[in-house]
Structures are given as C-alpha cells and as structure tokens.
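In: What shape does this take:
(2 chains)
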Amino acid sequence: MTSITRRTVLSGGAALAGAAISPPFAPAAVGNQKSHSGKTLVHLTVNGHARELELDPRTTVLDALREHLLLTGTKKGCDQGQCGACTVHINGERVLSCLTLALAAEGCRVNTIEGLSTPGGPLHPMQQAFIEQDAFQCGYCTPGQIMSAVACVREGHAKNDADIQEYMSGNLCRCGAYPKIVAAIKQARPQLEKT
Amino acid sequence: MRSFEFERPSSLAQAAKSGYGTAQGQTDAAALYLAGGTTVVDLMKLDVLRPRRLIDLSKANGGREIELSDTELRLGAFAKMSAVAKHPAVLSRYPVIAQSLQFAASAQLRNMATLGGNVLQRTRCPYYRDPSWAACNKRAPGSGCTAITSFNRNHAVLGVDESCISQYPGDFAIALIALEAQVDLLGPLGSRVIPFASLHRAPSGAPHIESTLKEGEIITAFRIPVGPWTRRSSYVKVRDRASYEFAIASAAVALELQGDTVQQVRIGLGGIAYRPWRAVEAEQALNGQPLTEANVEAAATVALRGAQTHGFNDYKPELARRTLVRALLETKTMSVSQA
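Out: Sure, this is the predicted structure:
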C-alpha cells in the first residue's frame, strides 16, 4: 500500500491538487526557489571544492556525500540523528549530516573527514592523536568522533575531562573507547589551539 | 521518505503568505515549515510526518536576534540553541534558559535546532514514532492509544486524558512557561502576540492538534520579561544517563528572595506532563513564605497533586516531586551573577 501512495506522489504534482490556495494565502511569488518532485540542482562547497549535484529533494547531505560524491568517510550509523557517526562541519559548525537535507544546505561549506588532511601529507593532529591513544576498536564511529572532537576543541569545550565528556556526548561508541577518546582530545588540544 | 515539493521563500513574510496547509499544528498537515530539520526530517524518515510541501525557512533573513532591553529578553525564533546557550546576557541574567538549552540534545543538534522548532518538537512516545503501531490518536486521529496499556515508563502523568498520555519532551519550553514568556507570531494576515502558556494545547480528545498556531503562522520570537527572579534561576534535569538524553523529570525554577522569604517564585515542570507545565499552586504555596525544606516539600507535593499514572510510570510523581525540591533548594543557595 505504501508503495502505491509513494508512486502516486512521485508521478508528479497530481497529489498536490488537493492543496488549493484560498485567501489570505498567495501563490509562491516569482523569485521563490521551488523544486518539484524531480531532481534539483544543489551547490555545495565540499572540502574546499565547488560541487554541483542533481539531487532528489529527499537526499540528505550524508547521502549526497556518500552516494553522489563517493566520499564514504562520513558514516551512516543510525540515520536518525541519534548516534553522531555522520557528523560533518557545515559553515564551520559540527552538525548531523543525516538530518540535514542537501537542498537546505544550498550554498554551504561542507567539511568532512576526507578534508582534514591532504592525501600523502601528515595526518591532522586529531587523527594522529586517535591513533596514538588507540581511541577506537571497530572504527565505524571514528570519523564522526574526530570531526566532533575538532569542533569541540575549537568551541572551547575541551577544558577538562568532564567538559569533553559532556560536549562529546552526541557521538556514541559501542566499542566503548570513550576514555581513550578523551585522552586523544587532550593530546591534540594544544596543537589545535596553536593553529 | 515520501516525495515532497521543496520551496524556499526569500523572507519570512513571504513564507507566511505561502504557508497554506500548515493547519493548526496538526500532525497530518499537508505542508510543513522546515527550520533546523531535527524533528521534521527525522519524522519524515520514519513516515510519521508526510508533508507534500516543505517550506524552508532556514535561509530567510531575520529572527536570529538575542537582545536584552530594560523590559525584556528577546530571542529570535531562528536563533540556534547553541548560540543562545552561550550568550553572555542569557548566562548571567537568565541562567535557567541557558541551562535548559545546554542540557538538551547534543552539541551537533544544538548547532542545528532553532528555538522555534525546539518548542514545537514532537513527543518521543515510541507508539507515535513508529507507524507499525496502528493505534495512536496523535498520529492517526481516532485510532486509540497504545501507550496507555503498554510500556509507558516515560509517559506523562500531568495534563493527560484517555486520548493521549504522551509526554512533551523539551527543556527550553519549561523555562519559557515558568518565566511567563510571550510568543511573536507572523501569519498571512499579519502578526500577533500570544502568551507562551497558550501555545501548546491540552489533548482534549484531539491530541493530533498540538498547537494553537493558525494556518501559515510562523513563530518569529520569544519575549521573556525582565524580573528580579531571573538571575536566581536554574534548570534541574533528571535523566537515565548523564548527558544527551530526554528528561524523566525536570524543574525550571526562578526565585526572588528577601532574606529567606520568597517574594516571588516561578516554577515550570518538564519530563512529566503532556505539555509545558507551570506549577501555579506550588508557586502560590511558597509566595510570602520562608523557603524552608518543610515548606518546599509541601509545595512540591501540591505541584504533583492530581498526577495520573499508568503502571510503568508510577514512579514519576515522586521523582518529579523530589526533583522540584532539589531545584528549589539548590536555587536558593546558588551564587548569583552581578554581571
């Protein structure tokens, strides 16, 4: 039953006929950006590179990164905004890419784990600290942990262990590497504060 | 996720003009406004919300101000939770607001979520969030309530009726209701102001209609009056884990003391009620009285009078009572910023 409804809606504005406009409302003014059920152009600056993507409006930033730009470093954990594995920076702030529609990020700067260091160059101090402190086991949550950790230090929320624990609570680690994640952040903090 | 049409009006005024279908806060509205997306995108993925139009307000100008005047604190409804939580004027003059925001969600979600979206967030009732449960009056009007006879450990005990026992999950709203905030609204016909206390509806047998917003209306700001009680204020949140969790009981408290005597007290309760809850009778019991432990205990008991439990949440009234006692006693002795 669900699939029939979905196809009906997908088949193009037909299902919208019921939404007749009555006063005091006005039809969308000229100049409004409006996307129908078909694909829409989205412009993002990903790790410093301008990208133009043709996306279904339902596409999240997470799926745009993984499925369309093949940047699979950002992980899909719960896909419901509960685990933090998909954490990226949008316009410099850490957010959940699984709950951000790509269309809603139009024109934004998106930075992912792939952009932290250059290929062949040295690792970012936070990446290096995670390795040296053995701050992961399976590694699935790690890109999200590292992106969150970099932001945590930049925000000034890594003053002590309790502070780090509170401000890193949005990144779950089912392997339970938490104490070593705290240690890694403390190791990297002075280097990040210098830059 | 079902397909939808995506619109981005260039201004809030234009958005309100195109906001037909966002009828009266109904969960099955044909159109939805999108701000931070942390509720709307989540519930669209779960197939709980099925809007045919999504009207993106996130790029519209305005609504992000944080301004303190002689008479009020004005918080733009599109300000992010993280920005308000760290604002110096909020931290020193309205600690209860700063704490209610800081103790909510995670750093990532607070960077995304707006104040307006936050107060309108939907319940975490698992029977609402999962459409494979047929009976949910909030999601499917008239279908019944699964929670009332099922696992209802974190369901509401105040303000419920037989149609819905879901719990309002937010924290910020508890501070707003305690401090008698006003809400600025913009609709297709212009603007109006309502008391925050009248924004969320009682279930009244129709829990699918959650707010008193009219079709097309957008929350543009919250205005919180200045008062001698706002500096001595705090938010105590009790939850199943230390961070990144919804409340199972919480209390927002603001106190004006003269010596040990209560001049005025404001009390909001969270984690236990169908909608943001103000404990007016408990306030009346304390006003003019010495803030002793005995008086606080008695007032907190009054606050939970009339609680209705449904088995797994039998523990809640006593937990909420103790949470309020702790909040009042801690707020009494807190150090108050002179900034």
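In: Sticking with residue B:325, tell me its helix or strand.
Out: helix B:316-333 (DSSP states H and E).
In: just checking, what packs against that helix?
Out: Counting contacts by 3 or more Cβ pairs under 8 Å, 6 or more residues apart in numbering or on different chains; DSSP states H and E, helix B:316-333 is packed against strand B:233-238, strand B:249-258, strand B:261-270, helix B:293-303. Placement of C-beta: from N, CA and C, glycine included.
In: Which stretch among these approaches residue B:191 most closely?
Out: strand B:261-270 (25.8 Å; Cβ to Cβ).
In: Show me what counts as buried in the closest one.
Out: Neighbour-count burial for strand B:261-270, with 16 or more other Cβ atoms under 10 Å in any protein chain shown as criterion, is recorded at B:262, B:264, B:265, B:266, B:267, B:268, B:269, B:270.
In: The residue in chain A that chain B sits nearest to: what's its closest spatial neighbour, skipping adjacent residues?
Out: Nearest residue of chain A to chain B: residue A:170, at 2.4 Å (Cβ to the nearest Cβ). Among residues not flanking residue A:170 along the chain, residue B:106 sits closest, at 2.4 Å (Cβ to Cβ, 6 or more residues apart in numbering or on different chains).
In: Buried residues, the helix or strand where residue A:184 lies. List them.
Out: Assigned by DSSP H and E, residue A:184 falls within helix A:178-194. Neighbour-count burial for helix A:178-194, with 16+ other Cβ under 10 Å as criterion, is recorded at A:178, A:180, A:181, A:182, A:183, A:184, A:185, A:186, A:187, A:188, A:189, A:192.
In: That helix packs against which elements?
Out: Packed against helix A:178-194 by the contact rule (3+ Cβ pairs under 8 Å, 6+ apart) you find helix A:125-132, helix A:142-154, helix A:161-167.
In: before we move on, back to that, quick one: least confident of the buried residues of helix A:178-194?
Out: Lowest pLDDT within the buried residues of helix A:178-194 is found at residue A:192 (94).
In: so who does that one touch?
Out: Residues near residue A:192 by Cβ atoms under 8 Å, 6 or more residues apart in numbering or on different chains: A:125, A:126, A:150, A:153, A:154.
In: would you put the C-alpha positions of stretch A:134-146 in PDB?
Out: Extracted C-alpha coordinates of stretch A:134-146, given in PDB (Å, rounded to 0.1, in the frame of the first residue of the first chain):
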ATOM      1  CA  ASP A 134      44.200   3.800  20.500                       C
ATOM      2  CA  ALA A 135      40.900   5.700  20.600                       C
ATOM      3  CA  PHE A 136      38.900   3.200  18.500                       C
ATOM      4  CA  GLN A 137      38.300  -0.500  18.000                       C
ATOM      5  CA  CYS A 138      36.000  -1.200  15.100                       C
ATOM      6  CA  GLY A 139      36.500   2.400  13.800                       C
ATOM      7  CA  TYR A 140      33.000   2.900  12.500                       C
ATOM      8  CA  CYS A 141      32.100   5.900  14.700                       C
ATOM      9  CA  THR A 142      35.700   7.300  14.400                       C
ATOM     10  CA  PRO A 143      35.200   9.800  11.500                       C
ATOM     11  CA  GLY A 144      32.300  11.300  13.400                       C
ATOM     12  CA  GLN A 145      34.200  11.300  16.600                       C
ATOM     13  CA  ILE A 146      37.100  13.100  15.000                       C
END
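In: Touching, residue B:10 and residue B:60? I think so.
Out: Yes: at 6.9 Å, residue B:10 counts as touching residue B:60 under the criterion of Cβ atoms under 8 Å.
In: Which of these two has more residues huddled nearby?
Out: Comparing residue B:10 with residue B:60 by other Cβ atoms under 10 Å in any protein chain shown, the one with more neighbours is residue B:60, at 19 against 14.
In: Please look at that one and residue B:15 and confirm they touch.
Out: Yes: between residue B:60 and residue B:15 there is a contact under Cβ under 8 Å: 6.1 Å.
In: what residues do these two have in common as contacts?
Out: Contact criterion Cβ under 8 Å, 6+ apart; residues shared by residue B:60 and residue B:15: residue B:9.
In: Rebuild the helices and strands packed on helix A:178-194 as JSON lines, extending it with mean neighbour count and distance to chain B.
Out: Listed next are those as JSON lines, based on neighbours: other Cβ atoms under 10 Å in any protein chain shown; distance: least, Cβ to the nearest Cβ, whole Å:
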{"stretch": "helix A:125-132", "mean neighbour count": "20", "distance to chain B": "16"}
{"stretch": "helix A:142-154", "mean neighbour count": "25", "distance to chain B": "7"}
{"stretch": "helix A:161-167", "mean neighbour count": "17", "distance to chain B": "5"}
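In: Could I get those in JSON lines, plus columns for mean pLDDT?
Out: JSON lines is the format used below for those (pLDDT from 0 to 100):
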{"stretch": "helix A:125-132", "mean pLDDT": "98"}
{"stretch": "helix A:142-154", "mean pLDDT": "98"}
{"stretch": "helix A:161-167", "mean pLDDT": "98"}
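In: Angles on the backbone of residue B:138, please.
Out: Backbone torsions of residue B:138, given as degrees, to the nearest 10, read phi -80, psi -40.
In: Identify the residues contacting it.
Out: B:27, B:123, B:125, B:128, B:164, B:166, B:207, B:208, B:210.
In: Quick check: the residue most central in space within chain A vs residue B:289, distance?
Out: In chain A, the C-alpha nearest the mean C-alpha coordinate belongs to residue A:97, at 2.5 Å (Cα atoms, centre = their mean). Computed as Cβ to Cβ, to the nearest Å, the residue A:97 to residue B:289 distance reads 52 Å.
In: What is the neighbour count of residue B:226?
Out: Counted with other Cβ under 10 Å, the neighbours of residue B:226 add up to 15.
In: burial measure for the closest residue to chain A within chain B, as a count.
Out: Using Cβ to the nearest Cβ, the closest approach of chain B to chain A is made by residue B:106 at 2.4 Å. Per other Cβ under 10 Å, the neighbour tally for residue B:106 reads 26.
In: Does it touch residue A:157 like I think?
Out: No: in this structure residue B:106 lies outside contact range of residue A:157 using Cβ under 8 Å: 11.7 Å.
In: got TSV for the helices and strands packed on helix B:316-333, with distance to chain A and mean pLDDT too?
Out: TSV is the format used below for the helices and strands packed on helix B:316-333 (distance: least, Cβ to the nearest Cβ, whole Å; pLDDT from 0 to 100):
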stretch	distance to chain A	mean pLDDT
strand B:233-238	13	98
strand B:249-258	17	98
strand B:261-270	19	98
helix B:293-303	28	98
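In: TSV please, covering those and showing distance to residue B:69.
Out: Formatted as TSV, those follow (distance: least, Cβ to Cβ, whole Å):
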stretch	distance to residue B:69
strand B:233-238	19
strand B:249-258	19
strand B:261-270	20
helix B:293-303	32
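In: looking at these, which is closest to residue A:72?
Out: Residue A:72 lies closest, by Cβ to Cβ, to one member of the helices and strands packed on helix B:316-333: strand B:233-238, at 37.0 Å.
In: Would you reformat the helices and strands packed on helix A:178-194 as JSON lines and include distance to residue B:293?
Out: JSON lines is the format used below for those (distance: least, Cβ to Cβ, whole Å):
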{"stretch": "helix A:125-132", "distance to residue B:293": "48"}
{"stretch": "helix A:142-154", "distance to residue B:293": "39"}
{"stretch": "helix A:161-167", "distance to residue B:293": "29"}
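In: any idea how far stretch B:86-103 is from the chain center?
Out: Relative to the chain's own centre, stretch B:86-103 is displaced by 15 Å; criterion: Cα atoms, centre = their mean, to the nearest Å.
In: Identify all contacting residues around that stretch.
Out: Identification of contacts with stretch B:86-103 by Cβ under 8 Å, 6+ apart yields B:66, B:68, B:73, B:81-82, B:84-85, B:110, B:171-172, B:174-176, B:178-179, B:224, B:226, B:230-231, B:233-235, B:237, B:252-254, B:334, B:337, B:339.
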